[in-house]
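Participant: Give the three-dimensional model of this entry:
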Amino acid sequence: MHPAYSVILFTTASGAGYGLLALLGLVGFNHGQASSVAFALVSVVIALMLITVGLLSSTFHLGHPERAWRALSQWRSSWLSREGVAALATYVPALLFAAVWSGLVDAPNWIGPLGLITATLCALTVFTTGMIYRSLRTIRAWHQPLTVPVYLVFALATGATLITAIATLFGRFQPFQVILGVTALLLAMLLKFLYWRAVDAMPPAFTMNDATGLGRIGDVSQWEVPHTSENYIQKEMGYAVARKHAARLRKLVFLLLAAAILLMLLALLAPVVSLVAVIAALSAAVVERWLFFAEARHVVTLFYGGRPV
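Facilitator: Numbering: from 1, shown residues only. Presented below is the predicted three-dimensional model:
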């Protein structure tokens, strides 16, 4: 698949934003009102900015971005539509939570419920994003059980590093933030390792026989290419990354995650280092997401001489 930069920005930025917002909601649920109005408002604003930038960037991949609102009508059958509905629904409790958690609105009894609702909707939105890809049977690398957990864990990992860095800037750094961040980053490493191992070990699910439906009469082979020049489908669905490059980029993801873990641990001695850990974690997410799309092969490529997928 062609790794569209707008979709990569969407999944990484919004994932980090939802991860941060969910953790803020849980902080409010567990500890009540924020100790600083500035910390509360800046944290929520950063989270909502990341979410909004991500959502807006996703529309750039559409042929007619102005019609994006129509996707919301198909929530009964489309995970993309469910994602849009969940994303928009999250804004309401998130803004109400920000108002009461920061103390701008004096309603301490509502901090816990609104925080929990916000965190739940954040997790639900990231879940629906992962399910968009998990539900596609035509792309073998995506249609497997670890796709959704990887999306959720990367959102948590990037969100955890962000909340640590923001807390540091406001003098509210706590060792527990490091424990949470390191745990999430380690889990991201483990799930991504298991994901790539599972994808590499999966046998091809489709051949030209399956694609044409003619396998019942014998093996099917391509006699002539369908086009004399590359068309849109080949550009979008037929993108391929060289195996040696993919292997290097996979190592880079692990190196960046390891660097983020090391920097988070060093933050126990010098909290300011957590600011660099955010960069490492977000960089790892960007490379991982680029590979997620670049390594995926759609069954339609079989019609253009592609190998079994």
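
Participant: so what are the domain limits for this structure?
Facilitator: Following automatic domain parsing, one gets these domains for the chain: 1-135, 174-309.

Participant: will you turn those domains into TSV that also has mean neighbour count and distance to Ala155?
Facilitator: From N, CA and C alone the C-beta is placed, and that goes for glycine too. Output for the domains of the chain, formatted as TSV (neighbours: other Cβ atoms under 10 Å; distance: least, Cβ to Cβ, whole Å):
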stretch	mean neighbour count	distance to Ala155
domain 1-135	19	4
domain 174-309	17	9
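
Participant: now these as CSV including mean pLDDT?
Facilitator: Output for those, formatted as CSV (pLDDT from 0 to 100):
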stretch, mean pLDDT
domain 1-135, 90
domain 174-309, 85
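
Participant: To Ala160, which of those lies closest?
Facilitator: domain 174-309 (3.9 Å; Cβ to Cβ).

Participant: now the domains of the chain in a markdown table, with distance to Ala160?
Facilitator: Output for the domains of the chain, formatted as a markdown table (distance: least, Cβ to Cβ, whole Å):
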| stretch | distance to Ala160 |
| --- | --- |
| domain 1-135 | 6 |
| domain 174-309 | 4 |
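
Participant: Out of those, which is closest to Thr164?
Facilitator: Here domain 174-309 is closest among the domains of the chain (Cβ to Cβ), at 4.2 Å.

Participant: Can you give the distance of that closest one from its chain's centre?
Facilitator: Offset of domain 174-309 from its chain centre (Cα atoms, centre = their mean, to the nearest Å): 12 Å.

Participant: Could you do stretch 30-44 as well?
Facilitator: Offset of stretch 30-44 from its chain centre (Cα atoms, centre = their mean): 25 Å.

Participant: Check the separation of the first and last residues in it.
Facilitator: 17 Å (Cα to Cα, to the nearest Å).

Participant: cool, stretch 265-279 as well?
Facilitator: Terminal residues of stretch 265-279 are spaced 15 Å apart (Cα to Cα).

Participant: contacting residues around that stretch?
Facilitator: Stretch 265-279 has contacts (Cβ atoms under 8 Å, 6 or more residues apart in numbering) with 158, 161-162, 164-165, 168-169, 173, 175, 177-178, 181-182, 260, 263-264.

Participant: Nearest to Gln144 among the domains of the chain would be which one?
Facilitator: Closest among the domains of the chain, using Cβ to Cβ: domain 174-309, at 6.0 Å.

Participant: just curious, which of the contacts of stretch 265-279 is nearest to Val37?
Facilitator: Out of the contacts of stretch 265-279, the member with the shortest distance to Val37 (by Cβ to Cβ) is Leu169, at 14.7 Å.

Participant: which element is the residue lying closest to the closest one once chain neighbours are set aside on?
Facilitator: Sequence neighbours aside, Leu275 is the residue nearest to Leu169 in space, at 7.8 Å (criterion: Cβ to Cβ, 6 or more residues apart in numbering). Assessed by DSSP states H and E, Leu275 sits inside helix 274-294.

Participant: Helices - which of the contacts of stretch 265-279 land there?
Facilitator: Residues of the contacts of stretch 265-279 located in helices (DSSP state H): 158, 161-162, 164-165, 168-169, 175, 177-178, 181-182, 260, 263-264.

Participant: residue ranges for the helices of the stretch 201-309 of the chain, please.
Facilitator: With helices called from DSSP state H, counting those that start in this stretch, the stretch 201-309 of the chain shows them at 208-212, 232-237, 243-266, 274-294.

Participant: The stretch 51-200 of the chain too?
Facilitator: Applying DSSP H, counting those that start in this stretch to the stretch 51-200 of the chain gives helices spanning 79-102, 111-134, 147-169, 175-201.

Participant: Nearest to Phe254, out of the ones you listed?
Facilitator: Judged by Cβ to Cβ, the one of the helices of the stretch 51-200 of the chain that comes nearest to Phe254 is helix 175-201, at 6.2 Å.

Participant: Output the contacting helices and strands for the closest one.
Facilitator: When contacts are defined as 3 or more Cβ pairs under 8 Å, 6 or more residues apart in numbering; DSSP states H and E, helix 175-201 packs onto helix 147-169, helix 243-266, helix 274-294.

Participant: Nearest to Arg137, out of the ones you listed?
Facilitator: helix 147-169 (12.4 Å).
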